[in-house]
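1. Sequence and predicted structure below; questions after.
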Amino acid sequence: MMLDITKYWTYEYVQRELPKIPLDIPVIVMASHRDMEDTRAVLSEEVHLFLSELDRPDHAAAVYYMEASMQDGFGLKYLYRFFNVPFLELQRQTLIAQLRRNEEDLEAIKVELDVHEKTEEQDYDRFRDILERKRKGLPATGVATVSAGANETADSAPAPAPAVQMQQCCKMVRPCP
């Protein structure tokens, strides 16, 4: 927001409009015409007092105050540095959200690993037995087949042709010839 230190009504505008800005947006109040001190209508102490008494919660983005003179470039470096604040704040919020998602994903995969560890798929002897049976063209008992429904196994449905069964197994271990 900008105010002209030589025109009091611009300060009244800042007083009226500043509370309407969303709390998550960093704000700078820039008082221009610093070089016109002899016609000053708005004192910097008055603006500082107003800003210190603003009813903004602790989690709200900061409100900065600066004075500038476009006649001699005073304050431009401060303004330039301020423009980093909104970008860095948005970047921080994005990174925090990504970290939360990462924590959720990590916890979910840990649960999956704990559950998977207790399944037959993680039983090496059973795995080797299934491979051996597939290589010999025998039905793999307790293993889902191509013709079996979602909840059916080779025990409850007719076994597909040995070549089809072999391809299913080979895809998991190595490419079929």
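-> Thanks, I have it.
2. make it CA atoms for all contacts and neighbour counts henceforth
-> OK.
3. Output the below-cut-off pLDDT ranges for this structure.
-> 140-177 (pLDDT under 70).
4. which residues in it form helices?
-> Taking DSSP state H as the test, the helices found in the chain are 8-17, 44-52, 76-82, 84-117, 124-135, 162-173.
5. Please identify which of those is closest to residue 28.
-> Closest to residue 28 of those, according to Cα to Cα: helix 76-82, at 7.7 Å.
6. Return the set of buried residues in the closest one.
-> residue 79 (16 or more other Cα atoms under 10 Å).
7. contacts for that helix?
-> 28, 66, 68 (Cα atoms under 8 Å, 6 or more residues apart in numbering).
8. Tabulate those residues (TSV), appending distance to residue 35 and neighbour count.
-> As requested, those are exported to TSV (distance: Cα to Cα, whole Å; neighbours: other Cα atoms under 10 Å):
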residue	distance to residue 35	neighbour count
28	19	17
66	13	18
68	8	21
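9. Between those, which sits nearest residue 117?
-> When the contacts of helix 76-82 are ranked by distance to residue 117 (Cα to Cα), residue 28 comes first, at 55.8 Å.
10. Touching, residue 126 and residue 120? I think so.
-> Yes: in this structure, residue 126 is within contact of residue 120 by Cα atoms under 8 Å, at 7.0 Å.
11. looking at the protein, which residue ends up farthest from its center?
-> residue 136 (51.0 Å; Cα atoms, centre = their mean).
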